[in-house]
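Asks: output the structure for:
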Amino acid sequence: MFIAFGESSLDFELRVFIRDIDYTLAVASELRFAIKKALDEADIEIPFPQRDVHLKSPGSAGTI
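Replies: Okay, the predicted model is just below:
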């Protein structure tokens, strides 16, 4: 399901049914690896937010 437009993404939700709840984590991991592999094969990159960090020198106003 296409659920939202993210800040730097299109957000989808994948819903699956499994026969045994004990395999939930393993199935989720396998699905994520399969999705990542399909994206890589299609040359689709996942955007990640980037942040700028500004460091003040010790003599700057407001430092202790």
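Asks: C-alpha only now, for contacts and for neighbours.
Replies: Noted.
Asks: please report phi then psi for Gly6.
Replies: phi -90, psi 180 (degrees, to the nearest 10).
Asks: and what of Lys37?
Replies: Taking degrees, to the nearest 10, you get phi -60, psi -40 for the backbone angles of Lys37.
Asks: check it and give its pLDDT.
Replies: Note for Lys37: predicted pLDDT of 97.
Asks: roughly how far does it sit from Leu31?
Replies: Lys37 sits 10 Å away from Leu31, taking Cα to Cα, to the nearest Å as the criterion.
Asks: where in this structure is the helix or strand with the lowest mean pLDDT?
Replies: Lowest by mean pLDDT, DSSP states H and E among the helices and strands of the chain is strand 10-12, with a mean of 90.
Asks: just the pLDDT at Ser60, thanks.
Replies: We have a pLDDT of 62 for Ser60.
Asks: and the contacts of stretch 35-47?
Replies: Ser8, Ser9 (Cα atoms under 8 Å, 6 or more residues apart in numbering).
Asks: can you start the count at 38 instead of 1 from here on
Replies: Renumbered: residue one is now 38, and that last one reads stretch 72-84.
Asks: may I have it as CSV, with CA atoms only?
Replies: C-alpha atoms of stretch 72-84 as CSV (Å, rounded to 0.1, in the frame of the first residue of the first chain):
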residue,chain,number,x,y,z
ILE,A,72,13.3,-5.5,-1.7
LYS,A,73,16.8,-4.0,-1.3
LYS,A,74,18.2,-6.5,-4.0
ALA,A,75,15.4,-5.5,-6.4
LEU,A,76,16.0,-1.8,-5.9
ASP,A,77,19.8,-2.3,-6.4
GLU,A,78,19.1,-4.3,-9.6
ALA,A,79,16.9,-1.5,-10.9
ASP,A,80,19.5,1.1,-10.0
ILE,A,81,17.1,2.8,-7.6
GLU,A,82,18.8,4.5,-4.6
ILE,A,83,17.1,5.2,-1.3
PRO,A,84,17.5,8.8,-0.3
